[in-house]
Each structure stands twice: as structure tokens, then as C-alpha cells.
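K.L.:
okay, structure incoming, though there's no sequence with it:
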């Protein structure tokens, strides 16, 4: 194991989060949410209970620009994608404001000073709005679009699909959890939301296929097409048409476990977790086609796994046991690791991280970028 060091540390004081990282040939762009009243690296001050933000850094960690996406309501940002024109499209969720009127004051009440009583109150809704922000490559906010959901909604991924955008994620009702697919044009016109699953389906990540369809991963305990659940909750991979029709379903399961895919990248590299009653394993699988694994590995872990595919495949998780191919690795305490993998999934470049990873991405120009979260700061790690 080699030790990795962050190029810079970005401190915070409240429950801040980085949810995604996207790369250009020369920059690293962080997408997340801040609850800190002020920040040394995000301009402005907190507007609602939470503000979405975007922050751009050079490949050597120099700050380029940042943008706070805060309003009076509370916002979060969860994912971003860059289009062919260099625009950054960010998706997240927000609460809204509801103004309600109280019972009018009876006219017979004595009011000698003619005081006007404000009989309206303003309350916040739950996070039931999808927000899509369009940002220039220099950090200028160009447009904001909004879709109002009937229930709490959690968008997890935004993608470019042809000339339009697609958002996938999960909606939450009373004792119900369903995946969703939401197309939106670059002019801010939302198509009808498509629900996936009946009561226990969660969608976490997706990639765009060459025919415009999507390959989506997550977890489900529902019947999907004719694919029945084999455990309480199976890791699922779906192929979704441009019309939102589920065309194929592949389930990954083990008896007496719950499984989830949290990450997918080009080339059908998928990563997630297998949870037993008393232990967790990080799961990494490379597929040749939907449901057809080329290789797979599971490691004793204290977290799920995240993966990205660049010059090599890379995976990160919190290791709590032996790692095949790294014979000297016997951690006394759970330790975050970053593993470069060869063509058969063998470990070719093992690194330790100073804190657990929350986002990972790679390209040919910069290399592999990992964002870590120590609980008090985000670290920007680059491995070439």
C-alpha cells in the first residue's frame, strides 16, 4: 500500500456534503451542499437551512471559481454533467414555501388603534422539488428550472441523452420508495415523471448508452418485469428506453443479504455493497453485457464501494480485512483505500486514503480524482 495525500483540504463546520465530482481536461468541479453559515472557499453566506454549491479547481488544486446556489428555501445539489458546449448542468432538490391564512379576526373585537393584523403564515415544504441549474464553464449561473413532485424526491444522477437531459433518483411516499426517470429539455421543459417499482426500489447511478437508452443501477425488493426478488433487497441493473420503459432487468443477490449497486461507469464497471446480518462486503463487478459478469470481487469493508473507469478501473471503499493481491495488507482498524485494477480485476495500484471517499471520477488528462470527507474537511486527491 502506498499513502496518498490530498492536494488541498476544504474545511467546513456543519453537515456539509460533496455528492459528485466532474472533470474537464484542466479542472476538477465539486458539486455539493453546505449548511455552514460561512465558508472560506464558497462565496457568500448561507441563505436557507442549506445551500447547493459548485466549486472549480485546477488539476493541481488551485481555486478557479465557486458558485453558491442558495435561495430563501433549502437546496441540495447531488450530481452534474458537462455538455458539448461546456455548460455544467447540476441537479438537486429544494423545499418550497407555502403561505397559509389563519382564521380572520372577528370584526367585533375592539381595535382602537386600527392595527392591521398579519393573518398569514409561511411554512416550508419537504424536499419535493427537483432543481436543475445551468452554469457556464466560468461559473456564471445561466438558468434555473424546477419540477414540483407530489412527495419527497431525491435526484441522484443527471445525464446528457441526445439533445436533452435525463434525471434519475428515488421518490418517497408513506412507507413507499420508488425509482423515477424524469426527462427535461435544455429549455427547462419537463416531461412526465416515470415511476419504477412499486414500494421498495431505489435508483442510485446511471450511464448513457450509444442508442440513447440508460443503464441504471440501484436496489429493489419489487417485481420488475418478470424478475422476482430473491432476497429482501437485490442489487439491480436496468436498461431503460428513451420513453422510460424498462427493457431489461438483472438482479445480483445472495441468500440472507441485502445488496445494492451504488456506482456504475462506462464499460459496465459496477460497485456497491453486500450486507449480511453482522458484516458488510464491498462488491466490484465488471460486466460484458447486462447481467453477464466478466470478473467480480468482494472485500471485507465498513462501507459501500464507488468505482470509475479511466486508463484503469479504480475502486474505493473502507477496508476492514485482507485484499487479494496485497499480501501485506492486514488493517488493525477500518481504513479507506483506493485500488487500481487490471483487466481481470487484479489489484495493480493500491493506495490508502486519509479519509473515506464520497466521490470519484477519472479522465485521461488529469488522472483519477477522489474527494474524501474527514468530517471536518473535504480532501482533493489526484492519482495519475
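P.N.:
Right, received. Where do you want to start? What you see is a predicted model; the values in this text were computed from it and never measured.
K.L.:
assess the claim that residue 273 and residue 283 are in contact.
P.N.:
Yes - judged on Cβ atoms under 8 Å, residue 273 makes contact with residue 283 at a distance of 6.2 Å. For every residue, glycine as well, the C-beta is placed using N, CA and C.
K.L.:
between these two, which contacts overlap?
P.N.:
Common contacts of residue 273 and residue 283, defined by Cβ atoms under 8 Å, 6 or more residues apart in numbering, comprise 259, 305.
K.L.:
now do residue 227, the pLDDT please.
P.N.:
With respect to pLDDT, residue 227 has a value of 79.
K.L.:
my guess is it meets residue 247, correct?
P.N.:
No - judged on Cβ under 8 Å, residue 227 makes no contact with residue 247 at a distance of 12.0 Å.
K.L.:
more neighbours, the two?
P.N.:
residue 227 (18 against 12; other Cβ atoms under 10 Å).
K.L.:
specify the beta-bridge partners of the residue lying closest to that one once chain neighbours are set aside.
P.N.:
Spatial nearest neighbour of residue 227, chain neighbours left out: residue 249 (4.1 Å); criterion: Cβ to Cβ, 6 or more residues apart in numbering. Legend: beta-bridge partners of residue 249 under DSSP bridges are residue 238.
K.L.:
one more: residue 271?
P.N.:
Here residue 271, judged by DSSP bridges, has bridge partners residue 263, residue 284.
K.L.:
looks like it contacts residue 304 (just checking).
P.N.:
Yes - taking contacts as Cβ under 8 Å, residue 271 lies within contact range of residue 304: 7.4 Å.
K.L.:
more neighbours, those two?
P.N.:
The neighbour comparison of residue 271 against residue 304 (other Cβ under 10 Å) goes to residue 271, with 27 against 22.
K.L.:
ok, residues contacting stretch 268-279?
P.N.:
For stretch 268-279, contacts defined as Cβ under 8 Å, 6+ apart pick out 215, 217, 219, 235, 237, 254, 256-264, 280-290, 298, 300-301, 303-309, 313, 315, 317.
K.L.:
can you pull out the strands in the stretch 151-300 of the chain?
P.N.:
Per DSSP state E, counting those that start in this stretch, the stretch 151-300 of the chain carries strands over the ranges 152-161, 164-173, 176-184, 194-196, 201-208, 214-220, 234-240, 246-252, 258-265, 269-275, 280-289, 292-301.
K.L.:
next, the nearest residue to residue 25 once chain neighbours are set aside: secondary structure please.
P.N.:
Spatial nearest neighbour of residue 25, excluding adjacent residues (Cβ to Cβ, 6+ apart): residue 365 at 4.1 Å. Put simply, residue 365 is coil when judged by DSSP: H, G, I helix; E, B strand; the rest coil.
K.L.:
quick one: residues contacting residue 365.
P.N.:
With contacts defined as Cβ under 8 Å, 6+ apart, residue 365 is in contact with 23, 25, 26, 59.
K.L.:
using PyMOL, define a selection of the buried residues within these.
P.N.:
Here is the PyMOL command that picks out the buried ones among those, judged by 16 or more other Cβ atoms under 10 Å:
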select buried, resi 23+59
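K.L.:
out of the contacts of residue 365, list just those in helices.
P.N.:
Of the contacts of residue 365, none are assigned to helices by DSSP state H.
K.L.:
how close does residue 133 get to residue 323?
P.N.:
40 Å (Cβ to Cβ, to the nearest Å).
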